[in-house]
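Student: What follows is a predicted structure for the sequence shown.
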Amino acid sequence: MDQKNKVILKLENISKSYIVKNDVKLVVDKVSMEVRDNEFLVVLGPGHCGKSVLMNIIAGLETPNAGRLTLDGEELHGSDKRIGMVFQTLNLMPWRTVMGNVEFGLEIAGMDKTERRKIAQKYIDLVGLTGFENAYPHQLSGGMKQRVGIARAYTNSPEILLMDEPFGQLDAQTRYAMQEEVLRIWEQEKRTIIFVTNNIEEAVYLADRVVLLSNCPAQVKQVYDLSVLSRPRSMTDPEFLRIRKDISDNTDLAL
């Protein structure tokens, strides 16, 4: 197997349920999938189908009721520094500057100020926020706040970056701009990304592969290999439109 197709993360029969008003509610049902080194994998599914719960399980924020996860061949239990996450709700610390937010993980890890500033500056530059190091979150637009979140996640050097509907609260124009940005950063950094969305067009535009989930409880309905689409992609390309329609016909999601 070549390096590009090397599987680094495996989910095997992951299930998760909760007790809701004395009833058991199954949210994730026997989900199995593989994630390859350096790929841009998109997990696509309807709202409230269990996508975020699945991402929280991968991030170690929640524990599955059944199944196992392995990263680089080792079984995962809880959070792991090799996996980072960018949330839809960023939770930036309003009392810290852009620099302060981006370097926070390194500061907690005990890295000295000079070194952590150097690393944080690299990723601030990478996401296009040079000159905003001393700005506070309330002074930033929605897209700029997302850039801070991405820079903060990359600063901790994860092998895998989880992005849970990171552009869901952005207006359409900013969303398109951020899609371009995240692809540019991914192509430059070559880290594995697992990107969650409920937008079919966004999934087809970004992904190497799309894992399509069912309505709740989440199950894998189908996996689409999008290697037939060259990059950069055009949303008016006939092959793009054909794949978009195939996915749309297989799901309750709207185009």
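Tutor: Happy to help now that I have it.

Student: What is the burial count for W95?
Tutor: By other Cβ atoms under 10 Å, the residues close to W95 number 9. Any C-beta I mention is one placed from the backbone N, CA and C, and that applies to glycine too.

Student: mind checking how far it is from P238?
Tutor: As judged by Cβ to Cβ, to the nearest Å, W95 and P238 stand 51 Å apart.

Student: swap in E201?
Tutor: Distance from E201 to P238, by Cβ to Cβ: 15 Å.

Student: More neighbours: which of these two?
Tutor: Per other Cβ under 10 Å, whichever of E201 and P238 has more neighbours is E201, with 17 against 8.

Student: Is it correct that that one is in contact with R233?
Tutor: No: using Cβ atoms under 8 Å, E201 is not in contact with R233; the gap is 10.4 Å.

Student: Check the secondary structure at the closest residue to V210 other than its chain neighbours for me.
Tutor: Distances taken as Cβ to Cβ, 6 or more residues apart in numbering place Y224 nearest to V210, at 4.3 Å, with adjacent residues excluded. Secondary structure assignment for Y224 (DSSP: H, G, I helix; E, B strand; the rest coil): strand.

Student: same question, L61
Tutor: Under three-state DSSP, L61 comes out as coil.

Student: Wasn't L9 part of a strand?
Tutor: Yes: L9 sits within a strand when classified using three-state DSSP.

Student: G84 versus that one, what's the distance?
Tutor: 13 Å.

Student: likewise L76?
Tutor: The gap separating L76 from G84 is 14 Å, by Cβ to Cβ.

Student: Now do the shared contacts for L9 and G84.
Tutor: Shared contacts of L9 and G84 (Cβ atoms under 8 Å, 6 or more residues apart in numbering): I160.

Student: Tell me how many other residues crowd the residue nearest to V210.
Tutor: 19.

Student: Show me where the stretch 51-200 of the chain has its helices.
Tutor: For the stretch 51-200 of the chain, applying DSSP state H, counting those that start in this stretch gives helices covering 51-59, 98-102, 104-108, 113-126, 142-155, 172-189, 200-206.

Student: Let me have the ones you listed in CSV, extended by mean pLDDT.
Tutor: Shown next, in CSV, are those (pLDDT from 0 to 100):
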stretch, mean pLDDT
helix 51-59, 93
helix 98-102, 94
helix 104-108, 89
helix 113-126, 93
helix 142-155, 89
helix 172-189, 89
helix 200-206, 95
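
Student: what's near enough to touch the most centrally placed residue in the chain?
Tutor: The chain has M163 as the residue nearest its centroid, 2.0 Å off, counting by Cα atoms, centre = their mean. Shown in contact with M163 (Cβ under 8 Å, 6+ apart): 85-86, 182, 193-196.

Student: The same query, at a cut-off of 10 Å, please.
Tutor: 40, 42-43, 55, 84-88, 146, 149-150, 153, 182, 193-197, 206 (Cβ atoms under 10 Å, 6 or more residues apart in numbering).

Student: repeat for N65
Tutor: Counting by Cβ under 10 Å, 6+ apart, N65 touches 14-18, 24, 26-28, 57.

Student: Now the closest residue to L9 other than its chain neighbours: which helix or strand?
Tutor: Excluding the flanking residues, the one nearest L9 by Cβ to Cβ, 6+ apart is V35, at 3.9 Å. Using DSSP states H and E, the element containing V35 is strand 23-36.
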